[in-house]
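Undergrad: Build me a model:
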Amino acid sequence: MVPGLIIAAVVILIAAIIIISIRQAKKRTEALSTLAGEMGFSFTPKANAGALEFLKVFHLFSQGHSRKMSNVMQGSTDKLGVTILDYSYTVGGGKNSQTYLQTVSCVPGPGRADGLRGTRPCCT
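TA: Here you go, the predicted model:
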């Protein structure tokens, strides 16, 4: 009976962690959607990888597999186009896999067609 209780406790703990993670992601998406509206930017909660083809010229977007873009905000400020998005990709596989999450901004500079900026990646 005790091993069954331990297994049940572990399953409940894992389920709780998953639920908390999903709720936090949903709150982030809602907050970014509100911010995009206040800034006059468009907002797309989940974008397919083909939606932002122009980013493929950057090394970051050729890394790993399972590439995903979310929370995409696009607009303009001071006559410059701005794109801000959350980007994730996975390297390795199985027990040796690691997923990188990064918030990226793209602001073209004067006389340039690109301008990728990013925060430091975090791992999960």
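Undergrad: okay, now Val82: neighbour count?
TA: 17 (other C-beta atoms under 10 Å). For the C-beta atoms, the positions are set from N, CA and C on the backbone; glycine is no exception.
Undergrad: Please name the residues that touch it.
TA: By C-beta atoms under 8 Å, 6 or more residues apart in numbering, the contact list for Val82 reads Phe41, Met73, Gln74, Gly75, Ser76, Ser105, Cys106, Val107.
Undergrad: ok, Tyr87 - contacts?
TA: Contacts of Tyr87 (C-beta under 8 Å, 6+ apart): Leu60, Phe61, Arg67, Lys68, Met69, Leu101, Gln102, Thr103, Val104.
Undergrad: List phi and psi for the fifth one.
TA: When quoted as degrees, to the nearest 10, the phi and psi of Met69 stand at phi -120, psi 140.
Undergrad: let's number from 58 now, not from 1
TA: In the new count, where the first residue is 58, that last one comes out as Met126.
Undergrad: A strand includes Lys125, no?
TA: Yes - with DSSP: H, G, I helix; E, B strand; the rest coil as the criterion, Lys125 is assigned to a strand.
Undergrad: That one: what's its closest spatial neighbour, skipping adjacent residues?
TA: Ser145 (5.0 Å; C-beta to C-beta, 6 or more residues apart in numbering).
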